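Undergrad: Using only what follows, build the 3D model:
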Amino acid sequence: MGQTVVLTGISGFIAKHIALKVLAAGHSVRGSLRDLSRAGEVRAALAPHLDGSALDRLSFVQLDLTRDDNWARAMEGATALIHSASPFPIATPKDENDLIRPAVEGTQRAIAAAGAAGVRRVILTSSVVAIIDTFKRGMQDETDWCNLDAPGTTAYAKSKTMAERAAWDFSIPQGMALTTINPGLVIGPPLDGHYGSSISIVARLLRGRDPMLPMISFTCVDVRDVAEAHLRALERPETAGRRIPCTAGVMSMPDMARVLKAAYPARKIARRVAPKYVLRLLAMFDPDIRAILPSLGQAHHVSNARARKELDMRFISPEGALRASAEWLVANGRV
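TA: Predicted coordinates for the structure are as follows:
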């Protein structure tokens, strides 16, 4: 028998893919939106990939991470919560609390509402940034946590780490069955034109506007694998109490540029690595460049062994995910 899943932030890049997987598997999805006028956008994105009966199991509710309105009603009759809503900005906010507060309070609000309604199964979309300890070298895994006091720890990393810790702190005493999925940089083909910051990185490379690239590395994963991991966790109650890193490998921006240049040789795609002294000079005037300086030249590897063992995941390669992103952007005239 199918479950009734409340999926927060259903209009997001990852969440739309989660909704697609969950509906295709026979479950019902009640997606949250801050603005219900976007319901048509979500339906239009999912419709080409689902039959009519699956779409009949899709409904919407208006929710805001920063307000209590409608949360109790949203959870009525639900059997599980997938909390995916959380901002992912490229630019660093002037006040990090503008990012941290809604992420933490929204997670607390969502899980508290689930608990009050008797919903015990929760899947949280966290991130590898909540795992990566920049002081640690070598392979990291689900036992590691981001060091909030490390130099260069971004507001985004703090927001995801603090939100995940809040989820564990609340759910364990309440006897709730929480699983976190911790993806790396999520790329791969969007379901529509609302794809957010991670795909914007690929678009920027394809446009070739930057003469040089910083030696910044990302732990990457395909959005289709991230969505599949959420579904498998939902359907496997034995994964409760687990943090599950969802990664396929590491790629630097120059690596990405080389893959894209091979696929699109006619495009003017920068491949030169920017010297550190140039970036340090630019950082004096650009706070976004200043924010990435501590990460230059670092590559943090996170094990996906738990996902492979406990979810039977077989990941699309980072190169495959990158090419799929590019193919979508080119085919849809976005670059």
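
Undergrad: where in the stretch 51-200 of the chain is pLDDT low?
TA: Along the stretch 51-200 of the chain, the model assigns pLDDT under 70 to residues 87-93.

Undergrad: just so I have it, where are all the strands in it?
TA: 58-62, 80-83, 121-125, 177-183, 185-187 (DSSP state E, counting those that start in this stretch).

Undergrad: which residues are in contact with the longest one?
TA: Contacts of strand 177-183 with the rest of the structure, by C-beta atoms under 8 Å, 6 or more residues apart in numbering, involve 14, 111, 120-128, 130-131, 142, 164, 167-168, 171-172, 221, 226, 229-230, 233, 237, 239-247, 302. Where you see a C-beta, it was placed from the backbone N, CA and C, and this is true even at glycine.

Undergrad: and if you look at stretch 287-302?
TA: By C-beta under 8 Å, 6+ apart, the residues outside stretch 287-302 that reach it are 90-92, 128, 131-132, 134, 138-141, 151-152, 154, 182, 184, 214-217, 219, 245, 247, 250, 252, 276, 279-280, 282-284.

Undergrad: taking those one by one, which sit in helices?
TA: Secondary structure from DSSP state H places K276, L279, R280, L282, A283 of the contacts of stretch 287-302 in helices.

Undergrad: and which of these is nearest to E105?
TA: E105 has its nearest neighbour among the ones in helices among the contacts of stretch 287-302 in A283, at 31.6 Å by C-beta to C-beta.

Undergrad: Once you drop chain neighbours, what's closest to the closest one?
TA: Leaving aside its chain neighbours, A283 sits nearest to R290 (3.9 Å; criterion: C-beta to C-beta, 6 or more residues apart in numbering).

Undergrad: Also P214?
TA: A274 is the one closest to P214 (C-beta to C-beta, 6+ apart), at 5.4 Å.

Undergrad: these two touch, right, the one you found and M253?
TA: No: checked against C-beta atoms under 8 Å, the pair A274 and M253 is beyond contact range at 9.5 Å.

Undergrad: Touching both of these two, which residues are there?
TA: The contact sets of A274 and M253 overlap at L213, P214, M215 (C-beta under 8 Å, 6+ apart).

Undergrad: for those, which one is nearest A263?
TA: Set against A263, the nearest of the shared contacts of A274 and M253 by C-beta to C-beta is L213 (16.7 Å).

Undergrad: Just name the closest of the shared contacts of A274 and M253 to K160, please.
TA: P214 (21.8 Å).

Undergrad: residue contacts, the closest one?
TA: P214 makes contact with M253, V273, A274, L279, I289, I292, L296 under the criterion C-beta under 8 Å, 6+ apart.

Undergrad: For it, give its distance to Q298.
TA: Using C-beta to C-beta, to the nearest Å, we find P214 at a distance of 11 Å from Q298.

Undergrad: what inclination does the helix ranked longest in the chain have with respect to strand 177-183?
TA: Taking DSSP H as the criterion, the chain has its longest helix at helix 97-116. With axes from the mean of the first three to the mean of the last three C-alpha atoms, to 10 degrees defining the directions, helix 97-116 sits at 150 degrees from strand 177-183.

Undergrad: Could you shift the numbering so residue one becomes 45, and keep it that way?
TA: In the new count, where the first residue is 45, that last one comes out as helix 141-160.

Undergrad: Which positions within stretch 225-238 qualify as buried?
TA: I225, N226, P227, G228, L229, V230, I231, G232, P233, P234, L235, D236 (16 or more other C-beta atoms under 10 Å).

Undergrad: Dump those to TSV, plus distance to G75.
TA: Formatted as TSV, these follow (distance: C-beta to C-beta, whole Å):
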residue	distance to G75
I225	17
N226	22
P227	19
G228	24
L229	24
V230	18
I231	23
G232	20
P233	20
P234	17
L235	13
D236	14
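
Undergrad: Relative to D79, which of those is nearest.
TA: D236 (15.8 Å).

Undergrad: List the contacts of the residue lying closest to the closest one once chain neighbours are set aside.
TA: Among residues not flanking D236 along the chain, A89 sits closest, at 4.0 Å (C-beta to C-beta, 6+ apart). Neighbouring residues of A89 by C-beta under 8 Å, 6+ apart: K60, L235, D236, H238.

Undergrad: From the chain's centroid, how far away is stretch 170-190?
TA: 16 Å (C-alpha atoms, centre = their mean, to the nearest Å).

Undergrad: could you dump that stretch to PDB, C-alpha only?
TA: Provided in PDB are the C-alpha atoms of stretch 170-190 (Å, rounded to 0.1, in the frame of the first residue of the first chain):
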ATOM      1  CA  SER A 170      21.000  17.400   4.400                       C
ATOM      2  CA  SER A 171      24.300  17.900   2.600                       C
ATOM      3  CA  VAL A 172      27.900  16.700   2.500                       C
ATOM      4  CA  VAL A 173      28.900  20.100   3.800                       C
ATOM      5  CA  ALA A 174      27.400  18.900   7.100                       C
ATOM      6  CA  ILE A 175      29.900  16.000   7.000                       C
ATOM      7  CA  ILE A 176      33.100  17.600   5.700                       C
ATOM      8  CA  ASP A 177      35.500  18.600   8.400                       C
ATOM      9  CA  THR A 178      38.000  20.900   6.700                       C
ATOM     10  CA  PHE A 179      40.700  20.100   9.300                       C
ATOM     11  CA  LYS A 180      40.600  16.400   8.400                       C
ATOM     12  CA  ARG A 181      42.500  14.800   5.600                       C
ATOM     13  CA  GLY A 182      41.700  11.600   3.700                       C
ATOM     14  CA  MET A 183      38.300   9.900   3.200                       C
ATOM     15  CA  GLN A 184      35.400  11.100   5.300                       C
ATOM     16  CA  ASP A 185      32.100   9.400   6.000                       C
ATOM     17  CA  GLU A 186      28.800   9.600   7.900                       C
ATOM     18  CA  THR A 187      30.600   9.600  11.200                       C
ATOM     19  CA  ASP A 188      32.200  13.000  10.500                       C
ATOM     20  CA  TRP A 189      30.700  16.400  11.100                       C
ATOM     21  CA  CYS A 190      31.500  19.900   9.800                       C
END
